[in-house]
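S.K.: build me a model from this:
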Amino acid sequence: MMKKLLVSLAAIATFGASWAQTKWDLPTGYGANSFQTQNVQQFANEVDQLTGGKLKITLHAGGSLYKANEIKRAVQTGQVQAAEFILSGAANENPLFGVDSIPFLATSYGDAKRLYVAAKPAQDKLLASQGVKVLFTVPWPGQSLYSLKPISTPADFAGTKMRAYNPATTRIAQLLKAQPVTIQLAELGQALATGGVQNFLTSSASGVESKLHEQVKYFYPVSAWLPRNATVVSQKAFDALDKPTQDALLKAAAAAEQRGWATSEKLDGEYMKELAAKGMTISPPSDSVKKELAAIGETMTAEWLKTAGAEGQAVIDAYRKQ
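M.R.: Got it, this is the predicted structure:
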């Protein structure tokens, strides 16, 4: 009788272990209303469904668990099992993280996808060396040009006050012979009202959300760069899952990547339509402006390559051969 009882208890323990629920935390620095955050939430929901509730991922939006600049480190050190962050935010660690933010290198969703494919092996290897496995990445809409006055030729930039918010945008202003002025998005409306800025690069999403159409009338969809967010998992946490749960996680991740890219492109078009409906003049840049921006892209790619070395060169070569 005792032997049967022990066998029964062992069977129950085995069954319980096989159905034990795993709980993960996934912080992101972006708000709950962002399409990126909504996509990650849908991913978490699908993981729950595909694993029959065996893996539960709790999303912490808006920097509520860790601040945006702390999130990558938190997953590296095992403080959280999974995370989402913008890859280029880690470019100070290694230039390879910033390849998708080289201005005017990839200026469409098609080009951004080719650049992603070219950079993925090197970026995945780099993150793997930090104990992090990439699940999926999704781009933001491209950074485009807003101006108070029409921009017909590169000379129209000369002497104007151009908003800058990072080293890349400062460098773009310098190369266009404009005067870079450091202004954060929250201060942009006031700067426009007081003549503190005359043109700048930001996304169609920012244009809608910040109601820039109320002050700026000209929009040129140059898509200077399409930076990507990465959703990742600690390799240690991934390895602790059984094979069916790993497979379910990867299946949901593949769906999230495909859905995220399509949503980003769709929203970019919708935001531009909304800006046009609210009175902005939306038109492609002139050939001379396009040529100048492409030349700036070449200059800034060369400058990036000086810091990225042979690995960076291999990524750019692979991108250009596609």
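S.K.: surely Val232 forms part of a helix?
M.R.: No - counting by DSSP: H, G, I helix; E, B strand; the rest coil, Val232 falls outside a helix, being strand.
S.K.: can you give the domain ranges for this protein?
M.R.: Domain assignment of the chain by automatic domain parsing yields the ranges 22-140+226-274, 143-224+282-321.
S.K.: show the average pLDDT along the longest one.
M.R.: Just to be clear, that refers to domain 22-140+226-274. For domain 22-140+226-274, the mean pLDDT works out to 96.
S.K.: check the secondary structure at Ala119 for me.
M.R.: Ala119 is classified as helix under three-state DSSP.
S.K.: make residue 1 into 35 and carry on from there
M.R.: From this message on, residue numbering opens at 35, which makes the last subject Ala153.
S.K.: of the domains of the chain, which stretch is the most buried?
M.R.: domain 56-174+260-308 (a mean of 19; mean count of other Cβ atoms under 10 Å). All C-beta atoms are positioned from the backbone trio N, CA, C, and that covers glycine.
S.K.: show me where the chain has helices.
M.R.: 36-52, 69-84, 105-110, 143-162, 201-209, 222-227, 238-243, 269-273, 277-311, 321-355 (DSSP state H).
S.K.: now the ones you listed as JSON lines including distance to Ala117?
M.R.: As requested, the helices of the chain are exported to JSON lines (distance: least, Cβ to Cβ, whole Å):
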{"stretch": "helix 36-52", "distance to Ala117": "27"}
{"stretch": "helix 69-84", "distance to Ala117": "10"}
{"stretch": "helix 105-110", "distance to Ala117": "4"}
{"stretch": "helix 143-162", "distance to Ala117": "11"}
{"stretch": "helix 201-209", "distance to Ala117": "24"}
{"stretch": "helix 222-227", "distance to Ala117": "29"}
{"stretch": "helix 238-243", "distance to Ala117": "22"}
{"stretch": "helix 269-273", "distance to Ala117": "11"}
{"stretch": "helix 277-311", "distance to Ala117": "13"}
{"stretch": "helix 321-355", "distance to Ala117": "23"}
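S.K.: between the ones you listed, which one is nearest to Gly193?
M.R.: Taking Cβ to Cβ, helix 201-209 is the member of the helices of the chain nearest to Gly193, at 11.1 Å.
S.K.: figure out how far that closest one is from the centre of its chain.
M.R.: Here helix 201-209 is found 21 Å from its chain centre; the criterion is Cα atoms, centre = their mean, to the nearest Å.
S.K.: check the average confidence over stretch 335-347, would you?
M.R.: On average, the pLDDT along stretch 335-347 is 96.
S.K.: and it, how far out from the chain's middle?
M.R.: 21 Å.
S.K.: again, but for stretch 62-77
M.R.: On Cα atoms, centre = their mean, the centre of stretch 62-77 falls 12 Å from the chain's centre.
S.K.: can I get it in CSV, CA atoms only?
M.R.: Written as CSV, here are the backbone C-alpha positions of stretch 62-77 (Å, rounded to 0.1, in the frame of the first residue of the first chain):
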residue,chain,number,x,y,z
THR,A,62,9.0,48.6,-21.9
GLY,A,63,9.7,52.3,-21.8
TYR,A,64,6.8,53.1,-24.2
GLY,A,65,3.2,54.0,-23.2
ALA,A,66,0.3,51.6,-23.3
ASN,A,67,-1.2,53.5,-26.3
SER,A,68,1.8,53.0,-28.5
PHE,A,69,1.3,50.6,-31.4
GLN,A,70,4.6,49.0,-30.4
THR,A,71,3.4,48.3,-26.8
GLN,A,72,0.0,47.0,-28.1
ASN,A,73,1.9,44.6,-30.4
VAL,A,74,3.9,43.3,-27.5
GLN,A,75,0.8,42.9,-25.4
GLN,A,76,-0.8,40.9,-28.2
PHE,A,77,2.3,38.7,-28.4
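S.K.: how close does Ser298 sit to Ala289?
M.R.: Here Ser298 is placed at a distance of 15 Å from Ala289 (Cβ to Cβ, to the nearest Å).
S.K.: same check, this time on Thr204
M.R.: As judged by Cβ to Cβ, Thr204 and Ala289 stand 39 Å apart.
S.K.: any idea how far apart the tips of stretch 217-237 sit?
M.R.: 15 Å (Cα to Cα, to the nearest Å).
S.K.: no wait, stretch 183-196
M.R.: Stretch 183-196 has an end-to-end distance of 12 Å (Cα to Cα).
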